Structure formats: C-alpha cells, structure tokens
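Q: Generate a structure from the sequence data that follows.
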Amino acid sequence: MSAEPIEQTSVDAATEPYEVIHLGGETAAVVPLHDLRRLRALEKAAAPEALDEAEAHAAGQAYQEWEAAGRPGELSHDEAMELLLGRAQ
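A: Okay, here's the model as predicted:
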C-alpha cells in the first residue's frame, strides 16, 4: 500500500490544517496522534444523539465535496439499483 499526496478538494480546504492523501483507494488525512486521541476520547464521551448529528454533518460535507468535484463516479439510477441488489457484473 502506498500513500500519495493529492490536491485538497475539501470545501474547507483553505482552513483545513491536515494533509490530505490518497491511500488504498480512500481519501485520508494525516493528523497528529494527539488530535486522533482527542477525537477518540470525544467520541467515547459523546451522547448518541451528538454522534448521529456529527455523522449527518460529515455526510453532508462529503456530499458537498463530491458535488463540487463534478460528481466523479456518478451512477445512473439503474446502475445504482443493480449494485444495491447484487446484480452488477
């Protein structure tokens, strides 16, 4: 597995303090270990409702980034249904 830096495509790219990389088919951020530990501690202490709200917010940001990038890899409704129903080849 290799990591290659990529251009930041984040909606918040100008304020994002972390390097964004492409790693094994995923986009990842290189974060200081202290920040990761703090995030994990916050996640353990958070109420379930707060976690749900954070997940919804993150999904919304991901959608905005995907849309701003021109919707790469967009599927038609029929293609999506084939994938969801396990009929894709």
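
Q: got the domain boundaries for this protein?
A: Using automatic domain parsing, the domains assigned to the chain come out as 1-32, 46-89.

Q: Go through the ones you listed and find the least confident stretch.
A: Among the domains of the chain, domain 1-32 carries the lowest mean pLDDT, a mean of 72.

Q: Pairing-wise in the sheet, spell out the partners of residue 27.
A: Counting by DSSP bridges, residue 27 is bridged to residue 22.

Q: Test my guess that it contacts residue 21.
A: Yes. If you go by C-beta atoms under 8 Å, residue 27 and residue 21 touch, sitting 7.4 Å apart. For glycine as for every other residue, the C-beta is placed from the backbone atoms N, C-alpha and C.

Q: Next, count neighbours for residue 29.
A: 15 (other C-beta atoms under 10 Å).

Q: Can you give me every residue that contacts residue 51?
A: Counting by C-beta atoms under 8 Å, 6 or more residues apart in numbering, residue 51 makes contact with residue 43.

Q: now the strands for the protein?
A: Here the chain has its strands, by DSSP state E, at 3-5, 19-23, 26-30.

Q: Quickly compare the ones you listed and say which is most buried.
A: Of all the strands of the chain, strand 19-23 has the most neighbours on average by mean count of other C-beta atoms under 10 Å, namely a mean of 14.

Q: list the helices and strands it packs on?
A: With contacts taken as 3 or more C-beta pairs under 8 Å, 6 or more residues apart in numbering; DSSP states H and E, strand 19-23 sits against strand 3-5, strand 26-30.
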